[in-house]
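J.: Prediction below, plus the sequence it came from.
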Amino acid sequence: MKTKLYNLAHSRAGDKGDVCNIGLIARKPEFYPLLVKEVTAERVKNLFGEWCRGNVERFELPNLEAMNFLLHGALGGGALASLRLDPQGKTYGYALLRMEIDVPDDLVFEQLV
C-alpha cells in the first residue's frame, strides 16, 4: 500500500543562504524505521527536481525519531538574491510531506486525508 508522508510524519523547514533545511519527524516511534528506509536523499532530490540544483544530504537523528535534509542550491540564491515566491524555503517541508511511500499492509496509522 502507498501513503503520503503527512500520514506518518511532521516537518519543519527553514533556510540559510541558498540551502534549504527540512526536518522530518515521525508521528510514532514505529514509523521511524520505515521513514529511514523509504525517504532517501536521492528520492528527496528527485521530488524537488529542478528546484534543487545541488546535492541533498540526509542526517539521521534516531534518538528523536527524525531526519534532517539539507538541499543545496534549492532557494534560487537565497532570500535576498532570489526572484522565487518562497526564497526562504518555509513551504519545502509541506512539499516533502506530499511524497508517497510504500508502507507494509500491517502498519497501523490514521490516514489524515
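T.: Noted; the coordinates are in hand.
J.: For the rest of this, base every contact and every neighbour count on C-alpha atoms.
T.: Noted.
J.: Point to the residue nearest the middle of the chain.
T.: residue 96 (4.1 Å; Cα atoms, centre = their mean).
J.: show me the contacts for it.
T.: Residue 96 is in contact with 5, 44, 47, counting by Cα atoms under 8 Å, 6 or more residues apart in numbering.
J.: can you tell me which residues contact the first one?
T.: In this structure, residue 5 makes contact with 96-101, judged by Cα under 8 Å, 6+ apart.
J.: would CSV of these with pLDDT be doable?
T.: Listed next are those as CSV, based on pLDDT from 0 to 100:
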residue, pLDDT
96, 96
97, 96
98, 95
99, 97
100, 96
101, 96
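J.: Out of those residues, the closest to residue 38 would be?
T.: Compare each of the contacts of residue 5 with residue 38 using Cα to Cα and the shortest gap goes to residue 101, at 6.4 Å.
J.: any idea which element the closest one lies in?
T.: Residue 101 is located in strand 100-102, with elements delineated by DSSP states H and E.
J.: How far away from the center of its chain is that strand?
T.: Strand 100-102 sits 13 Å away from the centroid of its parent chain (Cα atoms, centre = their mean, to the nearest Å).
J.: buried residues in that strand?
T.: Along strand 100-102, these residues count as buried under the neighbour rule (16 or more other Cα atoms under 10 Å): 100-101.
J.: ok, and what's touching that strand?
T.: By Cα under 8 Å, 6+ apart, the list of residues contacting strand 100-102 reads 1-5, 38-39.
J.: Of those residues, which belong to strands?
T.: 2-4 (DSSP state E).
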